[in-house]
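Trainee: Show me the folded form of this:
(one chain, ligands or ions: 1)
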Amino acid sequence: MKIPKKIQLMGKTFKVVLVAKIDDDNGWGEASHHNCYIKIKKSLNSQTKMETFIHEILHLVYGCAGIKENERDIEITANILYQVFQQIK
Ligand SMILES: [Zn+2]
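Mentor: Next up, the predicted model:
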């Protein structure tokens with residue numbers, strides 16, 4: 001599975017960019033609903049990149065749907081979805 005350069009989500013197009021550094025120093029990813037982007041740290045291995053991509057999508061979806069976000073829940077859900085998507089050919 002490859003991370004796309006852009007993705008349609010909830011009626012908007014989000015740019016997906018690989019960056020050397022995330023603004024939040026220890027972060028692996030960052031997403032902005034307002035500015036329509038998902039940033040992922042370039043130096044991560046491919047599995048962690050994909051998990052981070054899914055993680056950031058969940059932040060956007062939860063934020064847009066008004067669901068209260070919690071890092072732990074998002075982390076667990078992203079990891080499980082990653083494993084599910086790995087089984088899709
Ligand atoms: Zn997060």
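Trainee: May I see the buried residues of the strand ranked longest in the chain?
Mentor: Taking residue count as the measure and DSSP state E as the definition, the longest strand of the chain comes out as strand 12-19. Under the neighbour-count criterion of 16 or more other Cβ atoms under 10 Å, strand 12-19 has 14, 16 buried. Every C-beta, even on glycine, is put in place using the N, C-alpha and C of the backbone.
Trainee: now the strands: where do they sit in the protein?
Mentor: Applying DSSP E to the chain gives strands spanning 6-9, 12-19, 29-32, 37-41.
Trainee: Reformat these as a markdown table; add mean pLDDT and distance to residue 56.
Mentor: Putting the strands of the chain into a markdown table (pLDDT from 0 to 100; distance: least, Cβ to Cβ, whole Å) gives the following:
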| stretch | mean pLDDT | distance to residue 56 |
| --- | --- | --- |
| strand 6-9 | 96 | 10 |
| strand 12-19 | 97 | 9 |
| strand 29-32 | 96 | 4 |
| strand 37-41 | 97 | 5 |
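Trainee: Tabulate those strands in JSON lines, adding columns for distance to residue 49.
Mentor: Conversion of the strands of the chain to JSON lines gives the following (distance: least, Cβ to Cβ, whole Å):
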{"stretch": "strand 6-9", "distance to residue 49": "14"}
{"stretch": "strand 12-19", "distance to residue 49": "8"}
{"stretch": "strand 29-32", "distance to residue 49": "9"}
{"stretch": "strand 37-41", "distance to residue 49": "6"}
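Trainee: Thanks again, I'm all set now.
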